[in-house]
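Enquirer: after the sequence you'll find the predicted model.
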Amino acid sequence: MTRELHLTGDDAADRLLSDDDFALLTGMLLDQQVPMETAFAGPAKLRDRLGGLDPSTIATMDPDAFQAAFAERPSVHRFPGSMAKRVQQLAAVVSDEWGGDAGAIWRSGDPDGAEVLRRLQALPGFGEQKARIFLALLGKRAGFEGAGWREASAPYGEEGAKRSVADIVDAASLSEVRKAKQAAKAAAKAATKG
């Protein structure tokens, strides 16, 4: 499965996301309470600081040392303590349950969309919405063709949508997605007030 992603505005960070399944999965995990570009640039920062991004190495690192690498300026995430712990938990699951191959989550056994969604939701830090968005990203940008992926990732798998990282192909689409997310947040806030 080949992909060419443009999510961060940084060529080296985007290349890592395009080439490394664990980097892409980690970027998605980090995509909360920070701008998308910051989240998806996080794996490149970690790789540079650690000398690699191997899930088994990360899983077995001293938690304090890993958190220190996470918190080094510029920090990988605005919540370096809790997110470092989550990334280590994710690395442990990838290492222990998927043989260190993050891509096996969506490739092993020729799974359909519903099965990949189930596998993603079983990961630390991947709730239903994050799992659906990541499944849509796999289907729209990473060549995943499992039966029913659009339905399983609904509404994020919808053709022509501009609602998530799965819909970003360049700076213009990033801007469109950002505007759609801001509008959705405003609508949700208005609904809770009224």
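Expert: The structure has been received and is ready for your questions.
Enquirer: show me what the host helix or strand of residue 86 is in contact with.
Expert: Residue 86 belongs to helix 80-97 when elements are defined using DSSP states H and E. Applying Cβ atoms under 8 Å, 6 or more residues apart in numbering, the contact partners of helix 80-97 are 22, 25-26, 29-30, 46, 55-56, 58-59, 61, 63, 66-67, 69-71, 76-77, 100-102, 105, 122-125. For every residue, glycine as well, the C-beta is placed using N, CA and C.
Enquirer: same check, this time on stretch 175-194
Expert: With contacts defined as Cβ under 8 Å, 6+ apart, stretch 175-194 is touched by 36, 162-165, 167-168.
Enquirer: circling back: now a ChimeraX select for only the buried ones of the contacts of helix 80-97.
Expert: To isolate the buried ones among the contacts of helix 80-97 in ChimeraX, judged by 16 or more other Cβ atoms under 10 Å, type:
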select :22,25,26,29,30,46,55,58,59,61,66,67,69,70,71,76,77,100,102,105,123,125
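Enquirer: gap between the residue nearest to residue 158 when sequence neighbours are not counted and residue 140?
Expert: Excluding its sequence neighbours, the residue lying closest to residue 158 (Cβ to Cβ, 6 or more residues apart in numbering) is residue 150, at 7.2 Å. Noted for residue 150: a distance of 9 Å to residue 140, by Cβ to Cβ, to the nearest Å.
Enquirer: please tell me the pLDDT value assigned to the nearest residue to residue 110 once chain neighbours are set aside.
Expert: Once flanking residues are discounted, residue 110 sits nearest to residue 146: 7.5 Å by Cβ to Cβ, 6+ apart. pLDDT, residue 146: 96.
Enquirer: residue 192 too?
Expert: pLDDT for residue 192: 85.
Enquirer: could you list the low-confidence segments of this protein?
Expert: 1-2, 194 (pLDDT under 70).
Enquirer: in it, which helix has the most residues?
Expert: As assigned by DSSP state H, the longest helix anywhere in the chain is helix 171-193.
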